[in-house]
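Q: The sequence and its predicted three-dimensional model are supplied below.
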Amino acid sequence: MIGAAHLSGIKNGIVIDIGVIVNGRSRQTQTVIMSFSSSVLNTPVTDTVSLPLGGGTIIHVNEKEHTVQVEPDSVAYRFDQEALAFGGKTMTGTDIAFAAGLATGIGHCSVKLSSFIVEQVLDYVKELVTRNIERMKTNIEPVPVVLCGGGSILIDIDQSFPDVTQVLIVEYEYFQLDYVVVICLDGANRSFCRL
């Protein structure tokens, strides 16, 4: 999340993996961790809700009932062999984004899907993200939202979200860069717990 904050220039807002940025840093929470020797540790961790949603997420379709199921499985590292956009036979989140006109330039095949599939998936994703943004907020003030990672292509940034001031997207070529930025920015600011 620190990398997303740096790349977008946002110092306070919501990030997906959904978490909160406060003054350019990830909000921390305390959690209890049981160690190998049954000792209990109360240690700070980044306060996030991780959604199993990405470009490789498999979309399951029931044509008879006109329903779709999104998550939890993924084609993962086989993405460039199995996704429809690459000539594969598995419908993924990226294929939905292509069919909806939300993404271009990945893969080598055109993707055409039934509108009921595309609409149901995008509605589901918007509802899931909206619900979890609300879950992470600590007050009623509207916040900016920073989208990064593979699941961000499934969100139409032209749609409005309740209590969101703006939606910023970190372009797909920077998906892994946010981790590099964290390493560079956070290198001198490590905190350690002694046991």
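A: Thanks, I have the structure now.

Q: so what's residue 168 bridging to?
A: Beta-bridge partners recorded for residue 168 (DSSP bridges): residue 146.

Q: Okay, it and residue 147: tell me how far apart.
A: 7 Å (C-beta to C-beta, to the nearest Å). C-beta: built from backbone N, CA, C; applies to glycine.

Q: Identify the contacts common to those two.
A: With contacts defined as C-beta atoms under 8 Å, 6 or more residues apart in numbering, no residue is shared by residue 168 and residue 147.

Q: count of neighbours near residue 169?
A: 15 (other C-beta atoms under 10 Å).

Q: Actually, residue 75.
A: Residues near residue 75, counting by other C-beta under 10 Å: 22.

Q: Quick one: residues contacting it.
A: 56, 58, 81-83, 88, 90, 92.

Q: What about those residues, which are in helices?
A: Among these, the members found in helices (DSSP state H) are 81-82.

Q: and residue 134, how far is that from residue 122?
A: Taking C-beta to C-beta, one finds residue 134 at 19 Å from residue 122.

Q: Looking at these two, which is more packed in?
A: More crowded of residue 134 and residue 122, by other C-beta under 10 Å: residue 122, with 20 against 14.

Q: how deep is the residue lying closest to that one once chain neighbours are set aside tucked in, by neighbour count?
A: Nearest non-adjacent residue to residue 122, counting by C-beta to C-beta, 6 or more residues apart in numbering: residue 100, 6.1 Å away. Using other C-beta under 10 Å, residue 100 has 19 other residues around it.

Q: pretty sure residue 100 contacts residue 115?
A: No - if you go by C-beta atoms under 8 Å, residue 100 and residue 115 don't touch, sitting 9.3 Å apart.

Q: List the contacts of residue 106.
A: Residue 106 touches 55, 85, 94, 98, 172, counting by C-beta under 8 Å, 6+ apart.

Q: for those residues, which one is nearest residue 76?
A: residue 55 (10.5 Å; C-beta to C-beta).

Q: in what helix or strand does residue 69 lie?
A: strand 67-74 (DSSP states H and E).

Q: Next, the buried residues of that strand.
A: Going by neighbour count (16 or more other C-beta atoms under 10 Å), the buried part of strand 67-74 is 68, 70-71, 74.

Q: can you pull out the helices in this protein?
A: Shown for the chain, the helices assigned by DSSP H span residues 2-8, 79-82, 93-100, 115-136, 177-186.

Q: mean confidence for the fourth one?
A: For helix 115-136, mean pLDDT rounds to 91.

Q: Which elements pack onto that helix?
A: strand 13-16, strand 18-22, strand 48-49, strand 57-62, strand 67-74, helix 93-100 (3 or more C-beta pairs under 8 Å, 6 or more residues apart in numbering; DSSP states H and E).
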